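Participant: next come a sequence and a model predicted from it.
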Amino acid sequence: MSNFVAKDSIVRKIWGTSDTVLLIFAGAAAEFALNKAVDWLYFTGKLPTDPLGRLFSTVTYARRIIFAEETRAHQTIDSIYHIHKAVEQERSAQIPDWAYRDVLFMLIHYSIASFEVLERKLTANEKQEVYDVFYRFGKRMQLKDLATDYKNWLPQREAHLKENLYKSDYTKDLFKQYRKHLGPVRYTVLVESQKLLVPEPVRNLLKYSRFSALEPLIPVYKLSRKLNADALIKTLLLPKNYKEEIEALNVVV
């Protein structure tokens with residue numbers, strides 16, 4: 001049986017390391033809060049009441065897809081599709097197709113950006129490989145109007161950023177929830193992480209500076225990984241309640 005993502009794929013390397021995955025969702029947490037369709041997450045109530053639990057739930061679904069055999073990955077994607085359709089039926093409204101695309105676009109952008117912050121620049125072929133995986137994800141979700149390759153996706157991504165982001169009361173409330181659940185120190189780390197990753201429209205709406213206090217510390221953190229001291233840093237910075245979930249993000253590929 002074939003895998004949904006090839007075993008030697010850069011996507012498995014990106015999503016098989018807890019550092020990178022946590023950065024992906026740090027960046028997505030910023031952009032998600034600005035999305036014009038974020039009210040859908042308030043309808044279910046899951047994100048504002050438990051943003052960290054929601055994060056790890058999403059990670060679990062992503063891992064089921066990326067590290068699964070193709071048939072099993074398709075079953076997981078179909079499950080996600082039907083869960084969202086059930087929410088639409090409960091609300092008697094339809095989640096706009098562009099909102100689904102926005103989430104897919106976040107996964108593409110932050111997968112690439114997070115790996116490049118922590119590891120190295122990706123080649124054009126590797127970026128295309130990342131795009132191909134999420135393109136197949138999107139097609140299985142029955143999303144329309146997806147660009148067929150990474151190069152043609154870039155202007156589509158820019159258009160979505162201009163059209164679908166807005167700083168609303170939901171944005172302010174979500175950041176309050178992030179702070180409440182993380183505490184002031186971890187919340188500061190979250191914001192500084194986001195500054196390393198977010199595109200310009202997101203940066204402008206959140207009034208983020210171009211400089212992140214974490215930027216000069218990245219070489220130190222890379223060294224700590226080589227010395228196997230990064231676990232101590234994660235223990236200090238990340239919530240104890242999610243220790244097992246964070247450790248489980250590391251996958252042998």
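Facilitator: Looks like it arrived, so ask away.

Participant: what ranges does the stretch 101-250 of the chain have for its helices?
Facilitator: 124-140, 150-164, 169-197, 200-206, 218-226, 230-237, 243-247 (DSSP state H, counting those that start in this stretch).

Participant: among the ones you listed, which is nearest Gln94?
Facilitator: helix 150-164 (15.8 Å; Cβ to Cβ). No exception for glycine: its C-beta is placed from N, CA and C like everyone else's.

Participant: show me what that closest one is packed up against.
Facilitator: Here helix 150-164 touches helix 97-118, helix 124-140, helix 200-206, going by 3 or more Cβ pairs under 8 Å, 6 or more residues apart in numbering; DSSP states H and E.

Participant: out of those helices, deepest packed?
Facilitator: Among these, helix 97-118 has the highest mean neighbour count (mean count of other Cβ atoms under 10 Å), at a mean of 21.

Participant: now it against helix 169-197, angle please.
Facilitator: Angle of helix 97-118 versus helix 169-197, following axes from the mean of the first three to the mean of the last three Cα atoms, to 10 degrees, is 30 degrees.

Participant: just checking, what packs against helix 97-118?
Facilitator: helix 10-15, helix 18-34, helix 124-140, helix 150-164, helix 169-197, helix 218-226.

Participant: now with 7 Å, please.
Facilitator: helix 18-34, helix 124-140, helix 150-164, helix 169-197 (3 or more Cβ pairs under 7 Å, 6 or more residues apart in numbering; DSSP states H and E).

Participant: follow-up on the earlier one: what would the helices of the stretch 101-250 of the chain look like in a markdown table with distance to His82?
Facilitator: What follows is those, written out as a markdown table (distance: least, Cβ to Cβ, whole Å):
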| stretch | distance to His82 |
| --- | --- |
| helix 124-140 | 12 |
| helix 150-164 | 24 |
| helix 169-197 | 25 |
| helix 200-206 | 30 |
| helix 218-226 | 39 |
| helix 230-237 | 35 |
| helix 243-247 | 25 |
